[in-house]
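**Q** sharing a model that was predicted from the sequence below.
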Amino acid sequence: MEQEIVELLKKQDFLGLEKFIDLLGTDIVKCIRAILNHSEEITYQKEAENEVFYRIWKSIASYDAKKSSLKTWSLTITRNICLDKKRAIIREQNIIPMNQVPESPLVDDYFEKENFLDLLKNLTEEDQLIFLKYYYYQDTPNEIAKELKMDVTQVYNHLSRGRKRIKELFDPSL
């Protein structure tokens, strides 16, 4: 089934796209909703969905069944597009990450995120911001440094110092 869909997509046959959407559309939409789950981001879900299907349509030639399944390849594209869109929304709206606590009860790891945010309360505001950008929003140290107008080594120092502080909370003898 997957091979037939890939062949049709490579031929730019819309029947292949229809079959692809029937096969993986639900998984892609779930992935989009899981990543773009804040109230400010919900309006961007359909845009992300269109972008995902367009990117898959255009880049199907680069798909290699030996490296991954069609589902894995498609969800990787979906995840990357959604994370890029999430970062763009945050920058566009100048949202401070602490205001981005999940509100949706559909998020399975809500309590993990709550615990993460509780741990961050023990850090300085600057360390909190860097930790959120790095661990929660998955920004690279270079992106963080550029946005906060600091050197990349400073970002690494903040991350290291913050991890050490959090470890001390669990084992004060460190």
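**A** In hand now; what should we look at? Being a predicted model, the structure only gives us computed values, none of them experimental.

**Q** how about low-confidence regions in the chain?
**A** Scanning the chain with the threshold set as pLDDT under 70 gives 94-117, 172-174.

**Q** against residue 34, how distant is the spatially most central residue of it?
**A** By CA atoms, centre = their mean, the mean C-alpha position of the chain lies nearest to residue 83, the distance being 3.5 Å. As judged by CB to CB, to the nearest Å, residue 83 and residue 34 stand 11 Å apart. Where C-beta positions appear, they are placed from N, C-alpha and C, glycine not excepted.

**Q** try residue 81
**A** 13 Å.

**Q** settle it for me: which of the two has more neighbours?
**A** residue 81 (23 against 16; other CB atoms under 10 Å).

**Q** quick revisit: now the nearest residue to the residue nearest to the centre of the chain once chain neighbours are set aside: phi and psi?
**A** Nearest non-adjacent residue to residue 83, counting by CB to CB, 6 or more residues apart in numbering: residue 138, 6.1 Å away. When read as degrees, to the nearest 10, the backbone of residue 138 gives phi 60, psi 40.

**Q** likewise residue 41?
**A** According to degrees, to the nearest 10, residue 41 has phi -100, psi -10.

**Q** now it. Nearest residue, chain neighbours left out?
**A** In space, residue 41 is closest to residue 89, 5.6 Å off (CB to CB, 6+ apart).

**Q** show the contacting residues for that neighbour.
**A** Under the criterion of CB atoms under 8 Å, 6 or more residues apart in numbering, the neighbours of residue 89 are 36, 40, 41, 44, 95.

**Q** so how far is stretch 32-39 from its chain's centroid?
**A** Its chain's average C-alpha position is 9 Å from that of stretch 32-39, according to CA atoms, centre = their mean, to the nearest Å.

**Q** what comes up buried for that stretch?
**A** 32, 33, 34, 35, 36, 37, 38 (16 or more other CB atoms under 10 Å).

**Q** tell me, how many residues neighbour residue 158?
**A** By other CB under 10 Å, neighbour count at residue 158 equals 23.

**Q** so who does it touch?
**A** Residue 158 neighbours (CB under 8 Å, 6+ apart): 126, 127, 130, 131.

**Q** ok, the last one - contacts?
**A** Contacts for residue 131 (CB under 8 Å, 6+ apart) come out as 120, 123, 158, 159, 162.
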